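>>> Below is the structure, and that's it, no one-letter string:
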């Protein structure tokens, strides 16, 4: 294990880590912007529809998630997060991926309502319909913003795992380098 | 009705007209709004509102102050004023007030039925109902399964009973049917209110009829706009349009066929009143929405109602202006609490 090889590996690892950090910052800014936009659109919807028509009265306290988070193992042993519609793929089709649905508490905004009908509805209901059929466009914008935010959140979680792994790799390589060349620490 | 309301209006209604004009003078001014916009937190908003006619209305609220609490307390204050007017009124002003409360009753009924769908407890929803639309049979609304049930069992004794003509059906109340029920009830109510004002004649009809015509047309436009991309069919949509506006009958027929915003705009271009409104609508996220433009026009018409004397329209106009003021304050408070101040000046100044 020659020192120059180690050094070049260290360099490339460091560069990759910085690239990941930059991407994470960009995604974080985008997520903040989407969430802010979503909340403002909700306020606009309240302005148009009435302050009590868009609020906790409109959704049930228990709901089933429409969107689930799945994890998968890549070749280098890192976990990656995927955000998928709950009905889109059954667990058998997923193959190497395991389906891990986060608890419904985290998915409050995108839930199914429990309806009084005895038969289970095959297609999940759009949460937009909790507020009525004729909803203003600001409410649709809010839903779109929050949906984009979901995807960004999953990407950010995967990036965070890659960054943590990158940092531990970096530490390990530095230790090795120290042992090989004690005077260049 | 004989002409010359100025001869005998004050006998029955002069005290209340004087009172409502006094209340109108205490609406927030432009300077008040400028002060509110500069607040950093909701506590600052509460302090600024203490210097206005609202006074200490938030004094009994526990921490933390939320926008929802501010809205509830403002509504209670409006309700107290309205109840005072109503309790001191004589016919036919009392019937006029009853008509005004019907729109809030319809909203409360729909809120209760939606709550029943979501399996919420009745008490939870009763707290959030609009105080102006309170009626004794409210708690029983959630037991109804179909509109006919709702009518026969619950609402037959309320002022909403005459508006159920077109709404009787045996369909179970799901989200689509509740929406249809809401709009059909509102359509019947608006047409009945319009007829009442028209039959009353005199200055009241001169002031109220254009306002109600605008309300009918506004509903037609907004229903059309919101129905793009939903499961509501064009025929169903046409049955929801109130027919007491300027758009009836040709405009409504054209509007029922519209499939996007531009086609709607072309329908509005046929009418001199609505063409400039649609031209003021900005596109995309930047400018004003159609709802904003309609609210501005409503404020204009309601302020003008105070230029004439001896009519009931001042009470309607005052209530609507107060509601716009509440919407403004809630918007400013939401922008402050979300720390998103770019659009904080999108309120509509009244005085």
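Perfect, thanks for sending it. On a predicted model such as this, the values are computed, not experimentally measured, just so you know.

>>> Quick check: buried residues in the lowest-mean-pLDDT helix or strand in chain B?
Within chain B, no helix or strand scores below helix B:147-149, which has a mean of 81 by mean pLDDT, DSSP states H and E. By neighbour count on 16 or more other C-beta atoms under 10 Å in any protein chain shown, the buried set for helix B:147-149 is residue B:147. C-betas here are computed from N, CA, C, even on glycine.

>>> That one packs against which elements?
Helices and strands touching helix B:147-149, as assessed by 3 or more C-beta pairs under 8 Å, 6 or more residues apart in numbering or on different chains; DSSP states H and E, are absent.

>>> other SSEs contacting the helix or strand following that helix?
With elements assigned by DSSP states H and E, the helix or strand that comes after helix B:147-149 is helix B:175-200. Counting contacts by 3+ C-beta pairs under 8 Å, 6+ apart, helix B:175-200 packs against helix B:93-117, helix B:202-227.

>>> By mean pLDDT, point me to the weakest helix or strand of chain A.
For chain A, judged by mean pLDDT, DSSP H and E, that is strand A:98-100, with a mean of 35.

>>> Least confident of the helices and strands packed on helix B:175-200, on average?
Per-stretch mean pLDDT for those is lowest at helix B:93-117 (a mean of 92).

>>> pretty sure residue A:70 is in a strand, no?
Yes: under DSSP: H, G, I helix; E, B strand; the rest coil, residue A:70 falls within a strand.

>>> quick one: pLDDT of it?
Value for residue A:70, per-residue pLDDT: 87.

>>> what does residue B:1 give?
Value for residue B:1, per-residue pLDDT: 49.

>>> which intervals of chain B have sub-threshold pLDDT?
Counting by pLDDT under 70, chain B contains low-confidence ranges at B:1-4, B:284-285.

>>> next one: chain A
A:1, A:87-124, A:183-185.

>>> can you rerun that using 90?
Residues of chain A meeting the criterion pLDDT under 90: A:1-7, A:50-134, A:174, A:176-185.

>>> residue closest to the middle of it?
Nearest residue to the geometric centre of chain A (C-alpha atoms, centre = their mean): residue A:154, 2.1 Å.

>>> now the helices and strands packed on helix B:175-200 in TSV, with mean neighbour count and distance to chain A?
Shown next, in TSV, are these (neighbours: other C-beta atoms under 10 Å in any protein chain shown; distance: least, C-beta to the nearest C-beta, whole Å):
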stretch	mean neighbour count	distance to chain A
helix B:93-117	21	6
helix B:202-227	21	4
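
>>> List just the one of those that sits closest to residue A:41.
The closest of these to residue A:41 is helix B:202-227. By C-beta to C-beta, the value is 14.7 Å.

>>> does any bit of the helix or strand following the closest one sit next to chain A?
Counting by DSSP H and E, the next helix or strand C-terminal to helix B:202-227 is helix B:234-239. No: with C-beta under 8 Å from any C-beta of the partner chain as the criterion, chain A is not reached by helix B:234-239; the gap is at least 9.2 Å.

>>> Counting neighbours, show which residues of the helix or strand following helix B:234-239 come out buried.
Going down the chain from helix B:234-239, the next helix or strand is helix B:250-257, by DSSP H and E. Going by neighbour count (16+ other C-beta under 10 Å), the buried part of helix B:250-257 is B:251-252, B:254-256.

>>> same question, stretch B:57-76
Neighbour counts over stretch B:57-76 (16+ other C-beta under 10 Å) mark B:57-58, B:65, B:67-68, B:70-75 as buried.

>>> gap between the two ends of stretch B:126-136?
11 Å (C-alpha to C-alpha, to the nearest Å).

>>> what residues does that stretch touch?
A:52, A:55, A:57, B:72, B:75-76, B:78-79, B:82, B:100-108, B:111-112, B:138-139, B:158-159 (C-beta atoms under 8 Å, 6 or more residues apart in numbering or on different chains).

>>> For that stretch, buried residues please.
B:126, B:128-133, B:135.

>>> thinking again about what came up before, possible to save the buried residues of helix B:250-257 as a markdown table with distance to chain A?
Below are these laid out as a markdown table (distance: C-beta to the nearest C-beta, whole Å):
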| residue | distance to chain A |
| --- | --- |
| B:251 | 19 |
| B:252 | 16 |
| B:254 | 19 |
| B:255 | 14 |
| B:256 | 14 |
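
>>> out of those, which one sits closest to residue B:275?
Taking C-beta to C-beta as the measure, residue B:275 sits nearest to residue B:251 out of these, at 12.2 Å.

>>> any idea where the strands of chain A begin and end?
Per DSSP state E, chain A carries strands over the ranges A:64-65, A:67-73, A:79-85, A:98-100, A:111-112.

>>> And the first one, how far out from the chain middle?
Which is strand A:64-65. 16 Å (C-alpha atoms, centre = their mean, to the nearest Å).

>>> by contact count, what packs against that strand?
Contacts defined by 3+ C-beta pairs under 8 Å, 6+ apart place strand A:64-65 against strand A:111-112.

>>> same deal with the third one?
Counting by 3+ C-beta pairs under 8 Å, 6+ apart, the packing neighbours recorded for strand A:79-85 are strand A:67-73, helix A:137-180.

>>> How about the first one, which residues are buried there?
It refers to strand A:67-73. A:67-71.

>>> which one of those is nearest residue A:132?
Among those, residue A:67 lies closest to residue A:132 (C-beta to C-beta), at 22.3 Å.

>>> Who are the contact partners of residue B:44?
residue B:336.

>>> Quick check: what element follows the helix or strand containing it along the chain?
Per DSSP H and E: residue B:44 is located in helix B:42-50. Reading on from helix B:42-50 to the C-terminus, the next helix or strand found by DSSP H and E is helix B:67-87.

>>> does chain A sit close to that next one?
Yes: shown here: helix B:67-87 in contact with chain A (C-beta under 8 Å from any C-beta) through B:67-68, B:71.

>>> what comes into contact with stretch B:223-242?
Here stretch B:223-242 has contacts from A:133-137, B:166, B:176, B:179-180, B:183-184, B:186-187, B:190-191, B:215-216, B:219-220, B:247-248, B:252-253, B:255-261, B:264, B:290, using C-beta under 8 Å, 6+ apart.

>>> Next: stretch A:162-172.
By C-beta under 8 Å, 6+ apart, stretch A:162-172 touches A:10, A:13-14, A:16-17, A:20-21, A:24, A:76, A:78.

>>> out of these, what pair is the most spread apart?
Every pair of those checked by C-beta to C-beta; the farthest is A:10 and A:24, at 20.8 Å.

>>> ok, which residues in the stretch 251-351 of chain B are in contact with chain A?
Residues of the stretch 251-351 of chain B lying near chain A by C-beta under 8 Å from any C-beta: B:285, B:289, B:291, B:326-327, B:330-331, B:334-335, B:338, B:340, B:343.

>>> from those residues, which two are the most distant?
Longest span within these, C-beta to C-beta: B:285 and B:326, 24.9 Å.

>>> more crowded one of these two?
A direct count of neighbours by other C-beta atoms under 10 Å in any protein chain shown for residue B:285 and residue B:326 places residue B:326 higher, at 17 against 13.

>>> Include distance to residue A:162 when you put the helices and strands packed on helix B:175-200 into TSV, please.
TSV is the format used below for the helices and strands packed on helix B:175-200 (distance: least, C-beta to C-beta, whole Å):
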stretch	distance to residue A:162
helix B:93-117	44
helix B:202-227	43
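
>>> if we compare these, which one ends up closest to residue B:273?
Using C-beta to C-beta, those put helix B:202-227 closest to residue B:273, at 7.8 Å.
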